[in-house]
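[1] my questions concern the predicted model and sequence given below.
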Amino acid sequence: MSVSKLHIRTFGCQMNEYDSSKMIDVLKNSHNLSLTDNATDADVLLLNTCSIREKAQEKLFHQLGRWRKFKEKNPNIVIGVGGCVASQEGEMILDRAPYVDIIFGPQTLHRLPNMLNDALNSREVSIDVSFPEIEKFDHLPEPKSNGVTAFVSIMEGCSKYCTFCVVPYTRGEEVSRPLNDVVEEVTILASQGVREVNLLGQNVNSYRGLTDDGLDTDLALLINIVSQIDGIDRIRFTTSHPVEFSDSLINAYNDVPELVSHLHLPIQSGSDRILSLMKRGHTALEYKSKIRRLRKIRPNISISSDFIIGFPGENDEDFNDTLNLINEINFDKSFSFIYSSRPGTPASSYPDDVELNIKKQRLALVQKTIDESTESISKSMIGSIQKVLVESKARKDDNLYGRTENMRNTHFRGSDNLIGKIVDIKILNARGNSLIGELVN
Ligand code: SAH
Ligand code: F3S
């Protein structure tokens, strides 16, 4: 039996988006599958799942329920489930969805071609959710960009074991890609027109890729080397942990102008008591002191964070510490989530004792506070001249679209040949996360 069209739905983080793009690449290569946005057209349906919070997990079975109807009409359709729920649940997914054909984890997506063959030939369920170290990257086709920015995975997994988090269990422990593999991938992307790379991993500042001579490197050195690749004008990295936000990394903000003045450094809570229950390994003061040193080098750097609201035991005082910290740091656009107990994590044995309506009130207050500071940062940019990487034509009008270093969507008039260039834009107006500006010269 032959298959020709692939449809993928992706839930969760940027890492999952990245993995989905690699699934498309491998199946294009092996089975000449073409991508369709329309699930009803597809013969192969893949779901890339997320298990970071409860809701993310429920979405899986909702979606599978819909796809089941397609399969009742056409039994030849192949349905696959990948990502972190697949990794955690494995064949238990079949208890609720016995019509699934393939179950694969974040580290085995390169084995999809064989798994698809098995499903097509024998119609038996094919399951592989193992962690074969970093083998995945050795089996992926050459990267292809479709724009001026690209993600490049530099490490997989996480060994921090924050007490609330499933990632170490679903993606495995930290493994870094060798330095030259990363450099080679960025070089290829740059030759295809990529100007901005986002170095990706669950905890990128623990990056320890080896050189060809077997020497250790760190993220700061990698950033230095990537900045020297022809065509690379901007470097971002996602995401990092405060403990390993080292002096060498802080110094990279001094040495590497390509490193953007925007940093996502999740703190989760402003209360030392809660930080310790989360096993984050640092205090609020230690976090603030790193930010202070960074702002000495880059006074205007924009800082964003993730926050967990209503962690077990969080009282009014703990919550106020979080609010005060948000005001003190003046965080830019950030993410906040109500705590969700995850099976198998240490925190799942702590009593989840904050009432739901209190959690909701606290979440609303945090989000309002962050929205206000985001808005005031945007407003403070009016009149300034910003470096904008021009990405494309705007969707709705004749304008060009690009982003500032602190990720503001920016619209302005200009000719198409500016796409792919960094231009100076004077900001005229600001609303929420969007700016309107005009070209300077
Ligand atoms: N190192 C990754 C962490 C991935 S999880 C990163 O920093 O991006 C992304 C965010 O999800 C975390 O920073 C945390 O704020 C949130 N999160 C993780 N586990 C959670 C849980 N059990 N409940 C609520 N939010 C959670
Ligand atoms: Fe999760 Fe903590 Fe790692 S949030 S991804 S265990 S740094």
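    Done, it's in. Numbers count the residues shown, from 1 in each chain. Ligands and ions are numbered 1, 2, ... in the order given.
[2] where does the residue in the stretch 201-350 of the chain that ligand 2 sits nearest to land on pLDDT?
    Closest contact between the stretch 201-350 of the chain and ligand 2, by CB to the nearest ligand atom, is at residue 202 (4.2 Å). (Glycine included, C-beta is placed from N, CA and C.) For residue 202, the pLDDT comes out at 93.
[3] for residue 139, same thing?
    75.
[4] how close does it sit to residue 114?
    Distance, residue 139 to residue 114, by CB to CB, to the nearest Å: 11 Å.
[5] now do the same contact list for the residue of the stretch 201-350 of the chain closest to ligand 2.
    Each residue near residue 202 by CB atoms under 8 Å, 6 or more residues apart in numbering is listed here: 15, 155-158, 167, 171, 174, 239.
[6] could you do residue 205 as well?
    218-219, 237, 240-241, 244-246, 249.
[7] adding neighbour count as columns, could you present those residues in TSV?
    Compiled in TSV, these are given as follows (neighbours: other CB atoms under 10 Å):
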residue	neighbour count
218	19
219	26
237	25
240	23
241	20
244	16
245	21
246	16
249	23
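[8] can you verify the residue of the stretch 201-350 of the chain closest to ligand 2 is assigned to a helix?
    No - if the criterion is DSSP: H, G, I helix; E, B strand; the rest coil, then residue 202 is coil and not within a helix.
[9] now do the SS call for residue 45.
    For residue 45, the secondary structure call by three-state DSSP comes out as strand.
[10] and it, how far from ligand 2?
    Spatial separation of residue 45 from ligand 2 under the definition CB to the nearest ligand atom, to the nearest Å is 28 Å.
[11] doesn't residue 3 make contact with that residue?
    No - with the criterion set as CB atoms under 8 Å, residue 45 and residue 3 do not qualify as a contacting pair; they are 10.6 Å apart.
[12] re the thing from before, columns secondary structure and pLDDT on top of the contacts of residue 205, output as JSON lines?
    As requested, those are arranged in JSON lines below (DSSP: H, G, I helix; E, B strand; the rest coil; pLDDT from 0 to 100):
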{"residue": "218", "secondary structure": "coil", "pLDDT": "95"}
{"residue": "219", "secondary structure": "helix", "pLDDT": "97"}
{"residue": "237", "secondary structure": "strand", "pLDDT": "97"}
{"residue": "240", "secondary structure": "coil", "pLDDT": "92"}
{"residue": "241", "secondary structure": "coil", "pLDDT": "96"}
{"residue": "244", "secondary structure": "helix", "pLDDT": "92"}
{"residue": "245", "secondary structure": "coil", "pLDDT": "95"}
{"residue": "246", "secondary structure": "coil", "pLDDT": "93"}
{"residue": "249", "secondary structure": "helix", "pLDDT": "96"}
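[13] out of the residues you listed, which touch ligand 1?
    Contacts with ligand 1 within these, as defined by CB under 6 Å from any ligand atom: none are present.
[14] indicate the residue of the stretch 1-150 of the chain located nearest to ligand 2.
    Taking CB to the nearest ligand atom as the measure, the point where the stretch 1-150 of the chain comes nearest ligand 2 is residue 52, at 8.3 Å.
[15] can you name the residues that contact that residue?
    Taking CB under 8 Å, 6+ apart, we find residue 52 in contact with 12-13, 84, 165-167, 340, 342.
[16] who's in contact with the lowest-mean-pLDDT helix or strand in the chain?
    When each helix and strand of the chain is scored by mean pLDDT, DSSP states H and E, helix 135-138 comes last, with a mean of 74. Identification of contacts with helix 135-138 by CB under 8 Å, 6+ apart yields 107-110, 153, 156, 177, 181.
[17] circling back to that earlier point, shared neighbours of residue 45 and residue 3, anything?
    residue 78.
[18] show me which helix runs longest in this protein.
    Taking residue count as the measure and DSSP state H as the definition, the longest helix of the chain comes out as helix 356-380.
[19] give the other helices and strands that it contacts.
    Helix 356-380 is packed against strand 306-309, helix 316-329, strand 335-338, strand 422-431, with contacts defined by 3 or more CB pairs under 8 Å, 6 or more residues apart in numbering; DSSP states H and E.
[20] after it comes which helix or strand?
    On the C-terminal side of helix 356-380, the nearest following helix or strand under DSSP states H and E is strand 385-393.
[21] ok, and for that following strand, which residues are buried?
    By neighbour count, and taking 16 or more other CB atoms under 10 Å as the criterion, the buried residues in strand 385-393 are 386-391.
[22] over to stretch 329-340?
    The neighbour-count check on stretch 329-340 (16+ other CB under 10 Å) flags 329, 331-334, 336-340 as buried.
[23] where does this structure have low pLDDT?
    Confidence mapping of the chain against pLDDT under 70 gives the ranges 1, 133-134.
[24] got the residues of the chain near ligand 1?
    52-53, 158, 164-165, 167, 202-203, 239, 266, 268, 306, 308, 337, 339-340, 342.
[25] try 5 Å
    52, 164-165, 202, 239, 266, 306, 308, 337, 339-340, 342 (CB under 5 Å from any ligand atom).
[26] of those residues, closest to residue 410?
    Looking at the residues of the chain next to ligand 1 and their distance to residue 410, the nearest is residue 239, at 23.6 Å (CB to CB).
[27] count the residues that sit near the residue nearest to that closest one when sequence neighbours are not counted.
    In space, not counting the residues next to it along the chain, residue 239 is nearest to residue 264; the distance is 5.6 Å by CB to CB, 6 or more residues apart in numbering. The criterion is other CB atoms under 10 Å. On that basis, residue 264 has 19 neighbouring residues.
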